[in-house]
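**Q** here are the coordinates; sequence isn't available:
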C-alpha cells in the first residue's frame, strides 16, 4: 500500500471514533466494498478522540441529539453487556450544579425531557450539599465575590449518562472493521482532496468551471490514493480540506483543554457516596463558565475542563497545548471556590485538542457533495454519537433516505444535511 | 482623531456600501449619536465594493431577498429621481439564457415570481435569436461539444433590474452621513476587536472565562478607538476579526474576478436593440457555469465574470488578482461559443475581489453579539441590498424587533439573525 494510484471503493479520511464507526457501518452494510481508513497518526483514535473527556449523555431537548446520543449509548451498552467487549462505559451520571436562575431555566424543560424518556433526579440545595460534603454551595470569600459566583440553588442529575473510553470504542470498531476485511493505512497525512473532471481533456488547469467534477481520491504524503467515494471524517481537518476545494461545511475548530488533578484532598470527592451505584462523584458541571470535571477513579484523578465561548479563537493549532495560565486564572478560581479540595493542587498532566464546532445548531453535519461524504460538526459530542453518526454516514454513502439506528428507530438522513436541515436548537447545554 | 482612546457611541468598521448605509441609517435614526466609520483605504468604497459588477435585481423566490433588494432598488430610484442624485442606476434588465433543462426548471417558479410582483418577459429560442444577432443559440463547434455546451432553449428577462455605480451609491451615503455630522477615519486598518471584562480586576490575561465581556472598541494601527457599540461591516474581514474572538458568523471569503473586454467586434452586441429602453444588451447570464456579463457603454466595454463554485477555494487573498488563465481556459471557451464576437479579444483590464459568502442560505447575516452588531454574508449581493441592510443594522443596534424598509414594509430583524433565522433558500440563482 501507499504506492501511487491504489484504488478503493471507499477511502475514509480519519481513524478517530467517527471515521472508525463510519468505516465499520459502511463495510458491514456491504462487505463486498473495499474500504481503506487513512490517518496521519500511528494507530486509531490518536487525534482529537484521545483528547476528549469522553463523557456520554442522552439528555437533550433536541430530538436529533437524543436519537443520535441515546442510540449510541444503547449500542455501547449492548457491546459491553452482550458482546462482552469492555468499553469502560460507566453510567455514573451527569450532575449539573445550578444557580437560581439556571435552576429556573431548567424548570422550563424538565417536563419535556421526562416525557421524552430522559431519566432525571432533581436535588435541592440542602440535599445536594448533604450528598457532596466537598461542595461549598454558598461560596463567600472575597475572591468568589470578585468573580461573581452565585450560590448553588439546586442540582439536576441525568442518570443514563456517564463516561466511556474512546480508545476502547475505537478498538471495538477497528476490530470489527478488520474482521470484515477493512484496511488501514496509518502515518499517512491527507494533504488535499483530488478534484477531477469527469471527462478529462488534458488541458492545462483542469478541472475548469465548465467541467463536471468529482473527487477522484486523496493526495497524501505517500502519493495519491484513488477512491470511488471519499468519506471525510477528519475532524477539524475536514473544513480545512474542504475550504481548499471551495466547499463550506459550516464548521470551525476551537481549542479545548483538559487538566488532570490528583491529590489526597480529592479522595473524598472522588469517592462521593450515594449518587450512583459506583459511589463515585458524577461527571459534574459547575454553575459558571461551563467548567466541568470527570472522575477517573482508575488513576485516582479528576479531569477538569471548561467550555470556552466568547474570547477563545476559532483557530486550528498545529500542536495544541494546554495553558497553565488558563488553569490558574480561568478554571481554578471558580473550581476551588465551589470545591476547595482542588485549592492547593496543580495539574499533574494536561493536554489539548480541538472541537469541530458547528455554530449553527451544534448537531453533526452529514452531507454529500459529489462523491464525497462529509461527516463533521460533532462539536464535542463525537464519542457519545459515534455509533449513530456512523450509521447515518453509511446511509448517506448508499444514497438511502433513512438510517436505522441501534434501537431500531429510523433516522431521516437529510435532517443532518445542509439542504433540508431539520435540527432544533439544543436548549440543554453544558 | 487617531489618538489613543478616542471614544464614540458607534464605530462602524468598513466604509464599503454596507458600512456606509449602516452608518447613515444609524445616524439618521439618532443624530445625537457620535458615529465614526473606519476603513483601511483612503476613501469610501475602495475595497470589495469597487470590484463588483454592481448589478441589481429584485427577482428572487425568497421573500427575504425580494424585500431587501426590492426596497433598496426602490430607494435608489427615489434618490435618483426625487433627490436628484445620480447613482447611474440603469434598469437595463437581467437576461438569463437558458438550456432546455434550465428553462423547464424556471417554469416551476415563474408563476410564483409573477404573483410576487416580479416583472418578467419570457422569450423562446427563435425570438431571442432574432433579438440578439450576436448570440449563437446552437453552438456546434468541436470545442462546444468538448465543453458540453447546450443549445439556448429560451430566455427569461427580469425588467426591474440593471446596474448601478457602487461609487455613487457610496458617495450618496457618505454625503448624507457627513451632513448629519458623521465622521470618517481612513487609512486605518482594524487589527482586532477589543474584548474587555465588564468589571476589570487588573489580573493578568483578562477577560477570563468567568468574567462578563463586551467589546470596548477596536485596535487599529494608530491605536485603540473606544466605542459603546461596534458595527462590523468589514466584508470578508468580518469573519477574520470574529474568528479571533471566538465568534462564528458562518461566512467565508471566496475570490471573484472581473474581466473588461473591448473591441469593435463588441459594438453590435453592446448596442443590442429592443430589449430595453436604453437599446443596450441587458446584464446577461449564460446557460453554463454562471458566466455573466455587464455592458458598460460609457467605456464601450463589457465586463465578464463567472460564479466559481466547486474548486474555487474559500480563502482570503491579501492582494487578489484576476488570473489570465482563468479567463482563457474557464470563461472564454464558453463565452466565445455563445457570443463569437468575444472570440479574438483579450481582457483590456481585470481585477478581483472577494464575496463574503454565507453558504447556509446566501442571505445576509445580521446578529448582535454582546455590544457588537455583525453585518455580513452579503454573498455578492451587497450593493443591491445595501439600503435595506443598513436599515436592519440600525434596528439591530437600537434593539428594535422591526426595521422599516424604504417602501414602508416592516422587516422582522430576527429573520436575519442566527438564533431565529427565517430565510428560505433562494431558488432563482445566477
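**A** It's in. Everything numeric here is computed off the predicted structure, so don't read it as measured data. Numbering: from 1, shown residues only, chains lettered A, B, ... in the order given.
**Q** make it CA atoms for all contacts and neighbour counts henceforth
**A** Will do.
**Q** Would you map the helices across chain A?
**A** A:17-29, A:48-51, A:63-81, A:100-115, A:125-131, A:142-147, A:166-179, A:237-243, A:267-270, A:324-326, A:332-338, A:382-398 (DSSP state H).
**Q** So for residue A:41, which of the ones you listed sits nearest?
**A** helix A:48-51 (11.0 Å; C-alpha to C-alpha).
**Q** Remind me what the helix or strand of chain A with the lowest mean pLDDT packs against, helices and strands.
**A** Every helix and strand in chain A was compared by mean pLDDT, DSSP states H and E; the lowest is helix A:48-51, with a mean of 92. Helix A:48-51 sits against helix A:166-179, strand A:349-357, with contacts defined as 3 or more C-alpha pairs under 8 Å, 6 or more residues apart in numbering or on different chains; DSSP states H and E.
**Q** how does it look with 10 Å?
**A** Where contact means 3 or more C-alpha pairs under 10 Å, 6 or more residues apart in numbering or on different chains; DSSP states H and E, helix A:48-51 is packed against helix A:17-29, helix A:166-179, strand A:252-262, strand A:349-357, helix A:382-398.
**Q** Looking at the ones you listed, which is nearest to residue B:297?
**A** strand A:252-262 (44.2 Å).
**Q** quick one, the closest one and strand A:349-357 angle?
**A** 150 degrees (axes from the mean of the first three to the mean of the last three C-alpha atoms, to 10 degrees).
**Q** wait, which of the helices and strands packed on helix A:48-51 is closest to chain B?
**A** Closest to chain B of these, according to C-alpha to the nearest C-alpha: strand A:252-262, at 7.7 Å.
**Q** Output the helices and strands packed on helix A:48-51 as a markdown table; include the columns mean pLDDT.
**A** A markdown table is the format used below for those (pLDDT from 0 to 100):
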| stretch | mean pLDDT |
| --- | --- |
| helix A:17-29 | 98 |
| helix A:166-179 | 98 |
| strand A:252-262 | 97 |
| strand A:349-357 | 97 |
| helix A:382-398 | 98 |
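**Q** Make TSV out of those and add distance to residue B:92 and mean neighbour count.
**A** Below are these laid out as TSV (distance: least, C-alpha to C-alpha, whole Å; neighbours: other C-alpha atoms under 10 Å in any protein chain shown):
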stretch	distance to residue B:92	mean neighbour count
helix A:17-29	53	27
helix A:166-179	61	20
strand A:252-262	41	23
strand A:349-357	44	22
helix A:382-398	45	27
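**Q** For the closest residue to chain B within the stretch 151-300 of chain A, give me its contacts.
**A** Scanning the stretch 151-300 of chain A for proximity to chain B using C-alpha to the nearest C-alpha identifies residue A:246 as nearest, at 4.0 Å. Shown in contact with residue A:246 (C-alpha atoms under 10 Å, 6 or more residues apart in numbering or on different chains): A:239, B:252, B:253, B:254, B:308, B:309, B:310, B:311, B:312, B:313, B:314, B:315.
**Q** was I right about the first one contacting residue A:248?
**A** Yes. Taking contacts as C-alpha atoms under 10 Å, residue A:239 lies within contact range of residue A:248: 7.0 Å.
**Q** Now the residue of the stretch 151-300 of chain A closest to chain B: closest residue in space that isn't a chain neighbour?
**A** residue B:313 (4.0 Å; C-alpha to C-alpha, 6 or more residues apart in numbering or on different chains).
**Q** Also residue A:251?
**A** residue A:358 is the one closest to residue A:251 (C-alpha to C-alpha, 6+ apart), at 4.7 Å.
**Q** so how far is residue B:398 from the one you found?
**A** Using C-alpha to C-alpha, to the nearest Å, residue A:358 is found at 29 Å from residue B:398.
**Q** neighbour-wise, which of the contacts of residue A:246 leads?
**A** Highest neighbour count within these: residue B:252, with 28 neighbours (other C-alpha atoms under 10 Å in any protein chain shown).
**Q** what residues do residue A:239 and residue A:248 have in common as contacts?
**A** In contact with both residue A:239 and residue A:248: residue B:314, using C-alpha under 10 Å, 6+ apart.
**Q** residues near residue A:146, how many?
**A** 12.
**Q** Isn't it up against residue B:201?
**A** Yes. Counting by C-alpha under 10 Å, residue B:201 is a contact partner of residue A:146 at 8.0 Å.
**Q** Tell me the residues of the stretch 251-400 of chain A that contact chain B?
**A** Within the stretch 251-400 of chain A, the positions near chain B by C-alpha under 10 Å from any C-alpha of the partner chain are A:251-254, A:288-291, A:306-315, A:325-326, A:329-331, A:333-334, A:357-361, A:369-370.
**Q** would you turn the helices and strands packed on helix A:48-51 into JSON lines with distance to residue A:412?
**A** Formatted as JSON lines, the helices and strands packed on helix A:48-51 follow (distance: least, C-alpha to C-alpha, whole Å):
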{"stretch": "helix A:17-29", "distance to residue A:412": "17"}
{"stretch": "helix A:166-179", "distance to residue A:412": "24"}
{"stretch": "strand A:252-262", "distance to residue A:412": "25"}
{"stretch": "strand A:349-357", "distance to residue A:412": "22"}
{"stretch": "helix A:382-398", "distance to residue A:412": "9"}
